[in-house]
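Asks: Here is a sequence with its predicted model. Questions after.
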Amino acid sequence: MENYRIRPKGDYIQQTDWNELFVLTKHWKSDLMFYKQDLDFLHGLLKKYFIWITKEENLDVVKEIGKGILNDKKTGDILLQRVEEHLTHIAQTIEDPFKYDTRLFRKEHQQLEDDIAAYYKTVRQNRKKVFAITSYIVDSESLQHLL
């Protein structure tokens with residue numbers, strides 16, 4: 001799963017109509033809201049296990065992953081704001097197609113999609129790290145009694 005792009009290959013963005021781009025962008029918003037909740041859960045999971053850690057090397061790893069999760073949350077908020085603005089632009093373009101330079105707008109759409117795809121990849125990698133470290137900590141710190 002190296003390619004997280006949502007759009008079909010080719011010149012889809014240049015050829016599709018505004019309503020389809022609007023629907024696609026609404027899906028991005030929904031996905032970003034899901035990731036926001038997911039990151040809150042992952043951050044809470046790290047905090048839950050953090051208090052039970054006694055080994056210094058485990059503390060360092062958890063701190064580093066926690067920084068990654070917080071960075072993902074900030075990036076997600078920025079992307080969500082960009083998607084909101086993009087939805088507004090699409091709605092305005094549907095109402096008045098001559099208001100914006102559509103070529104430039106579609107380029108912006110493509111860049112936003114590329115940024116979201118990169119974000120998905122980063123969040124998924126960090127999610128794997130959280131689950132790997134919590135599993136490792138439960139075993140290495142003898143925390144099975146917490147489960």
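Replies: Great, that's in hand.
Asks: any low-confidence regions in the chain?
Replies: Within the chain, the stretches with pLDDT under 70 are 1-16, 141-147.
Asks: let's go with 90 and repeat that
Replies: 1-24, 44-63, 88-110, 130-147 (pLDDT under 90).
Asks: what are the ranges of the helices in it?
Replies: Assigned by DSSP state H, the helices in the chain fall at 12-15, 18-50, 56-95, 102-140.
Asks: how about TSV for the ones you listed, with mean neighbour count added?
Replies: All C-beta spots, glycine's among them, are computed from the backbone N, C-alpha and C. Output for the helices of the chain, formatted as TSV (neighbours: other C-beta atoms under 10 Å):
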stretch	mean neighbour count
helix 12-15	14
helix 18-50	16
helix 56-95	15
helix 102-140	16
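Asks: and the gap between K36 and I69?
Replies: 11 Å (C-beta to C-beta, to the nearest Å).
Asks: got it, and I94?
Replies: 37 Å.
Asks: got it, and E95?
Replies: Applying C-beta to C-beta to E95 and I69 gives a distance of 39 Å.
Asks: Contacts only, for D77.
Replies: By C-beta atoms under 8 Å, 6 or more residues apart in numbering, the residues touching D77 are K36.
Asks: Tell me which residues touch the closest residue to L42 other than its chain neighbours, please.
Replies: Leaving out its chain neighbours, the residue that sits closest to L42 by C-beta to C-beta, 6 or more residues apart in numbering is V130, at 4.8 Å. V130 sits next to 42, 45-46, 65, 69 when contact means C-beta under 8 Å, 6+ apart.
Asks: And those, which two are furthest apart?
Replies: L45 and I65 (10.3 Å; C-beta to C-beta).
Asks: list the contacts for the residue lying closest to K47 once chain neighbours are set aside?
Replies: The shortest distance from K47 to any non-neighbouring residue, by C-beta to C-beta, 6+ apart, is to G66 (8.0 Å). When contacts are counted by C-beta under 8 Å, 6+ apart, G66 is found next to 43, 46-47, 50.
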